[in-house]
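Colleague: Need the 3D shape of this:
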Amino acid sequence: MARGTDDDALAWGGDDDPTLDVGANPAATVPPADREPEPEPDTGVESEARPDASTADAEPKALPDGFTAVGKGSDEVGHVHADGSITMPGGRTPMGNATLITLGILGGVYLIYAIGWVIGGLRLQDVPRNAYLLTDLMYQGAFWLAVLAPLLWFGTVFLLTMRSKPWARFAWLIAGAALLLPWPFVMIGTVGQ
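Modeller: Model (predicted):
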């Protein structure tokens, strides 16, 4: 039985089974010869300016692991992860477990540094300031800047390196951990002088 269409060479037996169409609308199950053309509303806009419904509802182009898009339009092809989620170019990729754990550890180190600056700075408050030529106002300003410096460093590095590679973020955080070590706490401690 010939259907009388030019698409016979492209059809496979059972292609018109509606149970095989995932997400198809009911109008798509009716053969094109039996379907009446839908009238297009007159909006005064040329048909070329309107986006095609099939392109607007189409899934984004993405490739699984092991495949790389090359050539024209390759910057618009995303990446399919093992769990089925799609990351498009320019989109944010989720952080891995090791990255999150390392950020948590470094965040804890910076919080301990802030506490170390509080304890060390309060221990230095008993030292006569005439030896350092500091007034109370200058000491309080320097004290609070020292306490807030580790927290500000962590927040600034985290925000400014959001689109960078993880190694760049960790390099800046480790440099800050070496730079912002609470020396008054390290040298004097909580009980020594």
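
Colleague: Show me where this structure has its helices.
Modeller: 53-57, 97-124, 136-160, 166-179, 183-188 (DSSP state H).

Colleague: Please convert those to CSV, extending it with mean neighbour count, mean pLDDT and distance to Met88.
Modeller: In this view, the C-beta of every residue, glycine as well, is placed from N, C-alpha and C. Formatted as CSV, the helices of the chain follow (neighbours: other CB atoms under 10 Å; pLDDT from 0 to 100; distance: least, CB to CB, whole Å):
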stretch, mean neighbour count, mean pLDDT, distance to Met88
helix 53-57, 8, 49, 16
helix 97-124, 16, 91, 20
helix 136-160, 15, 90, 22
helix 166-179, 14, 93, 20
helix 183-188, 15, 79, 47
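
Colleague: Distance to Ala69 added to the ones you listed, as a markdown table?
Modeller: Listed next are the helices of the chain as a markdown table, based on distance: least, CB to CB, whole Å:
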| stretch | distance to Ala69 |
| --- | --- |
| helix 53-57 | 18 |
| helix 97-124 | 25 |
| helix 136-160 | 30 |
| helix 166-179 | 23 |
| helix 183-188 | 52 |
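
Colleague: nearest to Asp65, of the ones you listed?
Modeller: Closest to Asp65 of these, according to CB to CB: helix 97-124, at 17.9 Å.

Colleague: Of all the helices of the chain, which one is nearest Leu63?
Modeller: Minimum separation from Leu63 across those (CB to CB) falls at helix 53-57, 18.9 Å.

Colleague: among the helices of the chain, which is nearest Val70?
Modeller: helix 53-57 (22.3 Å).

Colleague: ok, Lys165 - contacts?
Modeller: Residues counted as contacts of Lys165 (CB atoms under 8 Å, 6 or more residues apart in numbering): none.

Colleague: before we move on, the earlier item: closest one to Ser85 among the helices of the chain?
Modeller: Closest approach to Ser85 among those (CB to CB): helix 97-124, 15.7 Å.

Colleague: okay, the angle between the closest one and helix 136-160?
Modeller: Orientation check (axes from the mean of the first three to the mean of the last three CA atoms, to 10 degrees): helix 97-124 against helix 136-160 gives 180 degrees.

Colleague: switch to numbering from 69
Modeller: All set: I'll call the first residue 69, so the last point we hit is now helix 165-192.
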